[in-house]
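Undergrad: Could you look at this predicted model? Sequence included:
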Amino acid sequence: MMDVECSAADEFGGSVVSSDAGSDTGMEWTDARESLTHGSVSPVDPLSSEYEEVFSDRPDKPDSPLCNGNDADQDQQPLEQQQDDDDNFVVDSLGKIATEAEARLAARRQARAEAREIRIRELERQQKESEQPPDNVLSPAETKQQKLETPVRSRVAVNSPRNLLSAQPSNYQSSRRSSEDSMEDGGVNLRDMRQEMKDLDEKFKKAMFHNAQLDNEKASFAYQVELLKDQIEQLEESHFLLQKEHRDKCKEYSQLKRESDKVIEEKDMYKSLLEERDRLIQEAGLVIVGEDIASSEEEDSDEDEDSESTQSKKSPSPPKQRKALVSADNAQLLDSAGQGSLDVRLRKFKEERDELQDQVRHLKLELEEERNRSLKGSVGSSFSMNGPNDDEMDLNREASKQLGDYKFKLQKAEQDISTLQANVARLESQVLRYKTAAESSEKAEEELKTEKRKLQRELREAQVRVEELDTQNTHLVRRLDKLKNAKSALLKDL
């Protein structure tokens, strides 16, 4: 409390009087202030004699000796000298005003310091009086005894000869009695005010303690609010990331769905093409021959492929034609060739043809030999008496018959081989055509796939860029809102 009052006294130059001081303290303080203000230090009026002294040296004053000169001499004075004199006069006057202002400021500071010292001494004296109980406070027994003794003393005083002498200065006694009464009243008021001051101090301490608790609670609540704000920001960021992942998953799902729909459409298209092919084959009376390789053949081919894996890696093997479209007669011939792929059956037919050709050549050689023999025998027996030999004739007949049969079979086999070769050539041409079409379609498909991947990649990059720009835009909007709120709060505070 003393520090607060001292600071208040320092701020207002000692003009503030606290409410806990008594009437005597207030009177002493006002007397000290009046003595300070009207006694040693007197405030300077800006229009006082000091300013009159400053302006007394001006040349335009009537009493100045400069104005008493002749007008002719004044006219002869150059204009530049007059301007210099005016400038010097202004500078001197401003310097005097500054010095006087500094002197007044120093006087005010000195007065404030003296008032502060007086106030501190007064507060120290009041504190000492509050700590030490007054000696003139009487107990109840002493007060009763004093009341009983006062009438006796008054009667003695009236009957005493001194009373006659003291009757004349009655005014002096009455004034003295009134001052004593005022002193007693002042002591009671001081005690009451000290008690009130103690109560106020306790209340003030309680209020300060309560305010400190409220400040602590406010700080804790503010900290909790900041934590909750941070948590909300983290949750918003996680929510934004989850939304981004959800959008990505939705995009992937839509892409996969489109691809699945496209695959289903292609499957339906191929199914319709197969149905159309089967219908055309049935209308043309053709038959599809050739089946897939059996599991045993696949195992054998796997073993062969394992042995030739290095060669197959270097040079890819051409695709094998496993099925072919032939007529019904050719299909029966192929069925009669046994089971297996079309290449195996054609290989069997080729082997049979080679065997038949070998047999035909052997038979031709045998026939030539038999002819030569028969000619030799006919020449030798033509001169015999018994005539031609019947056994030789039978042998010649049988040989000619067998030769005709072999010729017929050879012609038939050659016809079959020619038809099969024609079918093989036609099928090979179809295979080449289909192969070229498949390669061209595969190339086109690869190009379309690469272009599609490129477009999808560009689309994803554009979408990612758009999302990044959206996030950046949202962050900038939030920052702008925060700046607007801060600006509005500052404007409200101002």
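TA: Cool, got the structure.
Undergrad: Who are the packing partners of the helix or strand hosting Leu427?
TA: Leu427 is located in helix 390-493, with elements delineated by DSSP states H and E. Packing partners of helix 390-493 (3 or more Cβ pairs under 8 Å, 6 or more residues apart in numbering; DSSP states H and E): helix 170-284, strand 324-326, helix 328-336, helix 342-381. For the C-beta atoms, the positions are set from N, CA and C on the backbone; glycine is no exception.
Undergrad: Save those as TSV, and put in mean pLDDT, mean neighbour count and distance to Ala425 too.
TA: As requested, those are arranged in TSV below (pLDDT from 0 to 100; neighbours: other Cβ atoms under 10 Å; distance: least, Cβ to Cβ, whole Å):
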stretch	mean pLDDT	mean neighbour count	distance to Ala425
helix 170-284	82	11	19
strand 324-326	66	22	12
helix 328-336	69	15	13
helix 342-381	75	14	12
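Undergrad: now the helix holding Leu427 against helix 170-284, angle please.
TA: Angle of helix 390-493 versus helix 170-284, following axes from the mean of the first three to the mean of the last three Cα atoms, to 10 degrees, is 160 degrees.
Undergrad: and helix 390-493 with helix 342-381, angle?
TA: Angle, helix 390-493 to helix 342-381, by the same axes, to 10 degrees: 170 degrees.
Undergrad: Quick one: mean pLDDT over helix 390-493.
TA: Per-residue pLDDT over helix 390-493 has a mean of 86.
Undergrad: For Glu370, give me its contacts.
TA: 395-396, 399 (Cβ atoms under 8 Å, 6 or more residues apart in numbering).
Undergrad: returning to what we had before: can you tell which of the helices and strands packed on helix 390-493 is closest to Leu94?
TA: Ranking these by proximity to Leu94 (Cβ to Cβ) places helix 170-284 first, at 50.7 Å.
Undergrad: Can you name every helix or strand that the closest one contacts?
TA: Applying 3+ Cβ pairs under 8 Å, 6+ apart, one finds that helix 170-284 makes contact with helix 23-35, helix 390-493.
Undergrad: quick one on the thing from earlier: make a PyMOL selection of whichever of the contacts of Glu370 turn out to be buried.
TA: Buried residues among the contacts of Glu370 (16 or more other Cβ atoms under 10 Å), as a PyMOL selection:
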select buried, resi 396+399
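Undergrad: just the contacts of Glu370 now: which is nearest Val431?
TA: Ranked by distance to Val431 (Cβ to Cβ), those are led by Ala399 at 45.9 Å.
Undergrad: Any figure for the gap between the residue nearest to the closest one when sequence neighbours are not counted and Thr419?
TA: Excluding its sequence neighbours, the residue lying closest to Ala399 (Cβ to Cβ, 6 or more residues apart in numbering) is Glu370, at 5.5 Å. Distance of Glu370 to Thr419, computed by Cβ to Cβ, to the nearest Å: 33 Å.
Undergrad: Likewise for Tyr406?
TA: According to Cβ to Cβ, Tyr406 stands 20 Å off from Thr419.
Undergrad: Over to Val287?
TA: Val287 sits 14 Å away from Thr419, going by Cβ to Cβ.
Undergrad: neighbour-wise, which of those two wins?
TA: Val287 (18 against 15; other Cβ atoms under 10 Å).
Undergrad: separation between the more buried one and Ser441?
TA: Using Cβ to Cβ, one obtains 27 Å as the distance from Val287 to Ser441.
Undergrad: ditto for Gln231
TA: 59 Å.
Undergrad: What of Glu428?
TA: Counting by Cβ to Cβ - Glu428 and Ser441 are separated by 20 Å.
Undergrad: same question, Ile417
TA: Per Cβ to Cβ, Ile417 is found 35 Å from Ser441.
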